[in-house]
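Enquirer: Structure for this input, please:
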Amino acid sequence: MANPPLPPSAFKGEGMTSPRARDRLVARLKEEGIRDPRVLEAIREVPRHHFIDQALHARAYENTALPIGHGQTISQPWVVARMSEALLEFGTPQKVLEIGTGSGYQAAILARLVPQVFTVERIEELLRQARRRFRQLGLANIRSRHDDGKLGWAEEAPFDAIILTAAGDAIPSRLLDQLAPDGVLVAPVGSPSSQTLIRIHGDGQGGFEQEELCAVSFVPLLGGIG
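Expert: Alright, predicted model coming up:
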């Protein structure tokens, strides 16, 4: 079943935040290889300017990462689209766990694509802001938690898909333990100077297949809460 439409207020915008600006972004993502029409429509629907400071609204629909405070960023739209596309390639997951809520933008995109999104954020202030945005946009299929993302959300496991929006040297074992046997995990892995987006796909028998998708640049995956 398709997720309900966003409220009309989500489509308000003028100049660089107008629907036309979103259409230009979608056209650019198509040119750069994003093919899944569901992902492209979600990028068009979700108002990225709602997820950044008003001073940056004029840059909301540029294909670039932007600061959101606390040393964090809202990811480049192409990266958000590519990671979302990678999750959907083997079918539509029913339950997705996101590690690193940040601004809430990636979770909002996923909420347009899958029935349930569970998102964990270690920085309380960022999570508070993201929850407000989810309410404003009527995204009732997102559940959020203030916790150490490396721990995942064991009470809700297993997850059909897991996505990490911060990079570590390796995937935390607790997250792999919470992935369904045939689930998909997409994450950046590597050092601050050299990171690769990888996809892990469970074979249904306790094993995993791993592939490299592209080079990326993310903030570090940190433990603890703040």
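Enquirer: and the strand ranked longest in the chain, what does it pack onto?
Expert: For the chain, the strand that runs over the most residues, judged by DSSP state E, is strand 179-191. In terms of contacts (3 or more C-beta pairs under 8 Å, 6 or more residues apart in numbering; DSSP states H and E), strand 179-191 is packed against helix 77-88, strand 159-164, strand 194-202. All C-beta atoms are positioned from the backbone trio N, CA, C, and that covers glycine.
Enquirer: Who are the packing partners of the longest one?
Expert: What it means is helix 77-88. Here helix 77-88 is seen to pack against helix 19-31, helix 37-45, helix 105-111, strand 159-164, strand 179-191, strand 194-202, strand 208-216 when contacts are counted using 3+ C-beta pairs under 8 Å, 6+ apart.
Enquirer: Out of those, which gets nearest to residue 97?
Expert: Residue 97 lies closest, by C-beta to C-beta, to one member of those: strand 159-164, at 4.3 Å.
Enquirer: what does that closest one rub up against?
Expert: 83, 87, 93-100, 106, 110, 114, 118, 149, 152-153, 171, 175, 178-180, 183-188, 221 (C-beta atoms under 8 Å, 6 or more residues apart in numbering).
Enquirer: hmm, back to that, pick the most deeply packed of the helices and strands packed on strand 179-191.
Expert: strand 159-164 (a mean of 25; mean count of other C-beta atoms under 10 Å).
Enquirer: Show me the shaky parts of the chain.
Expert: 1-2, 4-16 (pLDDT under 70).
Enquirer: Point to the residue nearest the middle of it.
Expert: Centroid-nearest residue in the chain: residue 106, 2.8 Å away (criterion: C-alpha atoms, centre = their mean).
Enquirer: contacting residues around it?
Expert: If you count contacts by C-beta under 8 Å, 6+ apart, residue 106 has them with 75, 80, 83, 84, 98, 163, 165.
Enquirer: What is the nearest of these to residue 3?
Expert: residue 84 (13.6 Å).
Enquirer: so the closest one makes contact with residue 39?
Expert: Yes: here residue 84 reaches residue 39: they are 4.9 Å apart, a contact under C-beta atoms under 8 Å.
Enquirer: Name the residues contacting each of the two.
Expert: 109, 113.
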